[in-house]
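Enquirer: Whatever this is, show me its structure:
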Amino acid sequence: MKIADVRARAFAMPLNNPSYPPGPYHFYDREYFVVEYLTDPNALRAVVPEPLEITDPIVKFEFIRLPDTTGFGDFTECGQMIPVSFRGEKGIYVHSMYLDDEAPIAGGREIWGFPQKLARPTLRHESEVLVGTLHFGSVLCAMGSMGYKHEELDHGPILGELGEPNFLLKIIPNVDCGPRICELVRYHWQDVSLKGAWGGPAALQLFAHALGNVSKLPVLDVISGTHFIADVTLGLGEVVHDYLTKDQGTPVQSLSLEAEPAR
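Expert: Predicted structure coming up:
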């Protein structure tokens, strides 16, 4: 294989059998169950990176069914989203995500830098209740519930939030385990078609886990539960801050990775 061929084909890994096709990626009948809750402001300060700024001590825990996605198939995801601002612009910082499908995990991490891990999220209808769960292996890490379609919601606020930018911390290590890429990435949802939106009483429980640590942003009080269905397109991203360069483009020195002396 010629060098030019490698360059032309190198959009994903593995080179000769990539895990996903090139985008754009369209999501049809994407079903959201979102629990908005108050959390500890100090816990938020410990996980939200500068230059993002926390606007309120709020987290949105999302359970999402994605039954029809171009290139990524049929899967379920969940995670924690944090309202932030960037240079005066309101948006959402994607703090954690858990998926049950390899292709969107690989594509999301490699292209945009989504903080995705393999787990077992679910979103299902149980009679008059909408139920979302997250299992990491056999361990229950999150459980949310909401009364099914108790109140039809105005589409305006939800469309407004879907129109706001989203922010990710993309990290790609070098072969020596130092950071090769460390960037703040911004992306937008595009071609949004909201098909329905409902509210209802909601509850959320988070449980400690060594690797599925959603409980580190504890639930102090549930604000609202929202259920909606939409078609969206995942827009490509742009780098808005490079953590490995200072002003004038001077590289930042990497932290030493030398092992500590034995004790």
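Enquirer: doesn't Ala12 fall inside a strand?
Expert: No. Ala12 is assigned coil when assessed by DSSP: H, G, I helix; E, B strand; the rest coil, not a strand.
Enquirer: Pretty sure it sits against Ala106.
Expert: Yes. The criterion here is Cβ atoms under 8 Å, and Ala12 meets it with Ala106 at 7.3 Å. For the C-beta atoms, the positions are set from N, CA and C on the backbone; glycine is no exception.
Enquirer: got any residues that touch both of those two?
Expert: Taking Cβ atoms under 8 Å, 6 or more residues apart in numbering as the contact rule, Ala12 and Ala106 both touch Ser19, Tyr20.
Enquirer: Tell me which stretches of the stretch 1-150 of the chain form helices.
Expert: Ranges of helices in the stretch 1-150 of the chain, per DSSP state H, counting those that start in this stretch, are 3-9, 41-45, 102-107.
Enquirer: counting contacts, what elements does the shortest one pack onto?
Expert: In this case it means helix 41-45. Counting contacts by 3 or more Cβ pairs under 8 Å, 6 or more residues apart in numbering; DSSP states H and E, helix 41-45 packs against strand 53-54.
Enquirer: Centre of the chain to the strand it packs on, how far?
Expert: In terms of Cα atoms, centre = their mean, to the nearest Å, the centre of strand 53-54 is found 17 Å from the chain centre.
Enquirer: Show residues contacting the helix or strand bottoming out on mean pLDDT in the chain.
Expert: The helix or strand of the chain with the poorest confidence is helix 3-9; it has a mean of 92 (mean pLDDT, DSSP states H and E). Residues lying outside helix 3-9 but in contact with it, judged by Cβ under 8 Å, 6+ apart, are Leu15.
Enquirer: now the protein, which segments are flagged as low pLDDT?
Expert: Residue ranges of the chain with pLDDT under 70: 247-263.
Enquirer: try 50
Expert: In the prediction, the chain carries residues with pLDDT under 50 at positions 248-263.
Enquirer: So Thr70 sits against Tyr25, correct?
Expert: Yes. Counting by Cβ under 8 Å, Tyr25 is a contact partner of Thr70 at 5.6 Å.
Enquirer: Skipping its backbone neighbours, what lies nearest Thr69 in space?
Expert: Phe27 (5.1 Å; Cβ to Cβ, 6 or more residues apart in numbering).
Enquirer: With neighbour numbers in mind, choose between Thr70 and Tyr25.
Expert: Shown here are Thr70 and Tyr25; by other Cβ atoms under 10 Å, Tyr25 has more neighbours (20 against 15).
Enquirer: nearest residue to that one other than its sequence neighbours?
Expert: Using Cβ to Cβ, 6+ apart and skipping residues adjacent in sequence, the residue nearest Tyr25 is Leu234, 4.7 Å away.
Enquirer: what's the neighbour count on the one you found?
Expert: Residues within reach of Leu234, counting by other Cβ under 10 Å, total 26.
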